[in-house]
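*Asks:* give me coordinates for this.
(2 chains)
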Protein chains: 2
Amino acid sequence: MEKETKADEEQTQVINPWEVSAKGKIDYDKLIDQFGCQRLDQSFVDRVHRLTNRIPHIFLRRNVFFAHRDLNEILDAYERGEKFYLYTGRGPSSEALHLGHLVPFMFTKYLQEAFKVPLVIQLTDDEKCMWKNLTVEESKRLARENAKDIIACGFDVSRTFIFSDFDYVGGAFYENMVKVAKCVTYNKVVGIFGFTGEDHIGKISFPPVQAVPSFPSSFPHLFSGKDKLRCLIPCAIDQDPYFRMTRDVAPRLGYNKPALIESLFFPALQGQTGKMSASDANSAIYVTDSQKAIKEKVNRYAFSGGQDSIENHRKYGANLEVDIPFKYLSFFLEDDEELEHIRKEYGSGRMLTGEVKKRLIEVLTEIVERHRAARAAVTDEMVDAFMAVRPLPNMFA
Amino acid sequence: MEKETKADEEQTQVINPWEVSAKGKIDYDKLIDQFGCQRLDQSFVDRVHRLTNRIPHIFLRRNVFFAHRDLNEILDAYERGEKFYLYTGRGPSSEALHLGHLVPFMFTKYLQEAFKVPLVIQLTDDEKCMWKNLTVEESKRLARENAKDIIACGFDVSRTFIFSDFDYVGGAFYENMVKVAKCVTYNKVVGIFGFTGEDHIGKISFPPVQAVPSFPSSFPHLFSGKDKLRCLIPCAIDQDPYFRMTRDVAPRLGYNKPALIESLFFPALQGQTGKMSASDANSAIYVTDSQKAIKEKVNRYAFSGGQDSIENHRKYGANLEVDIPFKYLSFFLEDDEELEHIRKEYGSGRMLTGEVKKRLIEVLTEIVERHRAARAAVTDEMVDAFMAVRPLPNMFA
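*Replies:* Down below sits the predicted model:
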């Protein structure tokens, strides 16, 4: 009986690379315990500030990136003068990205600039071809389209290698896939990812593909002779299972374990029970949304923590824990003082939901407009340049 | 109860790509039923004779290649003037090949010459790295060493592409791997290959790698624009499970099913219960064995169907069904009349085991000496030439 109850309880929160759902709010503390990662506390934020001589990114100051694995080792090494490289990625399953998709890339761009390190970005078109039942051709097309959005985030081509699996799998990368696959049993991936016997073997074959960019030897054109270069992976915490597996295997291959810095999920407009979903256009703000669409989505769908009457609102204030307009502002409103002001005024009921939504619409519109302009400037030649298999001569400069 | 008895009975004969064992003689008729392939009868031998204007290879005349799938369709198409391509391969798990390893290559060389068709030879160094726990480097080295033995069989470099998986997986080949993997569930590979939950996921990922050379689009440098070119696979019948899976999947991808022509196992010196084993040096004649070693192995280990005394032998004759010297001669003694003579004389007891072994030693020594001389002439440059990713301009000439 006790065991069943426990299982029931665990079922209230399902987090893996393909599903993020919770009854009620996601319990990130529980997730940290369950996954076995560490909370990223203020001392890390201060240390990054000191080491990089820059104000830490808003996502770091605001604890959007809230958990890590071995970040201390990366920073220790960096302090000793050793560099590292960044690895992040995206599964290109849809044409248009939403704001949640941009979060890891905005943050990775900051890390690249602040630490002056090379970056590899994996587009898992093979994964999406297999999970979403897209054709190979459509997956490859989406990978290139998404690469434009990623490039629009402002990455430095002289330090960034973007690749799609369909283009790049082979050679040393494939050798590492085989080495990883040898170390992981079927029972193990079932435990980590919850596959069943009716899943196709493409899914079972995939985890090593996402694992091996963690190892510098997968990129001989970049890191030849740098087998001990450490890897830091910025990602949303739902990707943690892949890298638990990777970290488990790494020492058996004589490789360093990759370090991670992991974010909260960017919540859906309707509330914080999950990630935004590409299948419900009204659950998210897309980088392709017009100003009018943004205004309408925020006004109509953004879940409010305000009270049901103005009288009650003035009396009790907004519940900021569940209020989506405030949550979104805490991701994207750069000005710490203004956010603090809104927290106080809205939380105490002096400010109304409508006012907060108005400010949010301004902030989001600016971000989306800026992104749209940047993306429009990304040419096919630029995509080719980022995706060329080439050395990055100034990658640590 | 009935079910258990049946299972017990099935257990007396285990045939899959990694295990060939039987209590007593392998029942090839049962295997044909179980696998669902067809017996290759005399009408095929005659038809090949007619179509190619050449005496069919000894392995075809003697029914060493005894089963097939869709060979009739290949021959029908050939008769209409359509060409096809050949695909065979080897898992490079050991330095030295034994005579059993040479059987498919000797036969494939004949097919290539007789039909004037291109040939792809896959060296599954990735497979052996995963199954035999060899390092990547050692597997790749063995692949190159084995390539020399394969080239020594006399293939025409202008019509032959040899590749190792570690070298070649990527691009269109990897795309096809993903397409195949999408169509095969874990339960399905368990049914076909008998994997268990404790097997590593490298094994589960491998069947698509062996499947995709059956599809011309996996070789864009060879067969670009020839997506409908048919494929014929000469192999030992233990490889049939891979291609059952491949044939099952092919139509769902819009590809032709590969046809197969399948051989008996070349028996161990000790008798016909299994394949020769690389792990017991005395179970096989190696292409590196000296004349002295061949003589000693045949005399000491070759299982005799002769009777236990000369008197009984003269009276009852040799049991040719289990006699290894006679079996080996039926694989390798070219002269049909001489073999027929030995069958009669030895089977009736007029010829003794010692005489038959003496003749076998001569025949095997000649084959091994010829192979050794040919292999010594294979240079690294020749290996590079066969393995270069290149067009084969005269492949149908």
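*Asks:* tell me where the stretch 201-350 of chain A has helices.
*Replies:* A:201-205, A:207-211, A:220-223, A:240-249, A:291-301, A:310-316, A:324-332, A:336-347 (DSSP state H, counting those that start in this stretch).
*Asks:* now for the one helix or strand A:Val190 maps to, which elements pack on it?
*Replies:* If you go by DSSP states H and E, A:Val190 is part of helix A:186-193. Helix A:186-193 is packed against helix A:201-205, helix A:207-211, helix A:240-249, helix B:201-205, with contacts defined by 3 or more CB pairs under 8 Å, 6 or more residues apart in numbering or on different chains; DSSP states H and E. From N, CA and C alone the C-beta is placed, and that goes for glycine too.
*Asks:* so what's A:Tyr174 closest to, chain neighbours aside?
*Replies:* Distances taken as CB to CB, 6 or more residues apart in numbering or on different chains put B:Val169 closest to A:Tyr174, at 4.9 Å, once the chain neighbours are dropped.
*Asks:* picking that back up, most tightly packed of the helices and strands packed on helix A:186-193?
*Replies:* helix A:207-211 (a mean of 25; mean count of other CB atoms under 10 Å in any protein chain shown).
*Asks:* I'd like the average pLDDT over that one.
*Replies:* Mean pLDDT, helix A:207-211: 98.
*Asks:* quick one: is it near chain B?
*Replies:* Yes - interface with chain B: helix A:207-211 contributes A:Pro207, A:Pro208 (CB under 8 Å from any CB of the partner chain).
*Asks:* what's the spacing between that helix and its chain's center?
*Replies:* Relative to the chain's own centre, helix A:207-211 is displaced by 17 Å; criterion: CA atoms, centre = their mean, to the nearest Å.
*Asks:* got the contact list for the residue of chain A found nearest chain B?
*Replies:* Chain A approaches chain B most closely through A:Gly170 (2.5 Å), counting by CB to the nearest CB. Residues in contact with A:Gly170 (CB atoms under 8 Å, 6 or more residues apart in numbering or on different chains) are B:Tyr168, B:Val169, B:Gly170, B:Gly171, B:Tyr174.
*Asks:* I'd like the next helix or strand past the helix or strand hosting A:Glu73.
*Replies:* In this structure, A:Glu73 is located in helix A:71-79 according to DSSP H and E. Next in sequence after helix A:71-79, counting helices and strands by DSSP H and E, comes strand A:84-90.
*Asks:* tell me what angle that following strand forms with helix A:240-249.
*Replies:* For strand A:84-90 against helix A:240-249, the angle by axes from the mean of the first three to the mean of the last three CA atoms, to 10 degrees is 140 degrees.
*Asks:* give me the residues contacting strand A:84-90.
*Replies:* By CB under 8 Å, 6+ apart, strand A:84-90 touches A:74, A:77-78, A:101, A:104-105, A:108, A:111-112, A:115, A:117-124, A:146, A:150, A:210, A:213-214, A:216, A:222-223, A:229-235, A:258-259, A:395.
*Asks:* mind running it again at 7 Å?
*Replies:* Here strand A:84-90 makes contact (CB atoms under 7 Å, 6 or more residues apart in numbering or on different chains) with A:74, A:77-78, A:101, A:104, A:108, A:111-112, A:117-124, A:146, A:150, A:213-214, A:216, A:229-235, A:258.
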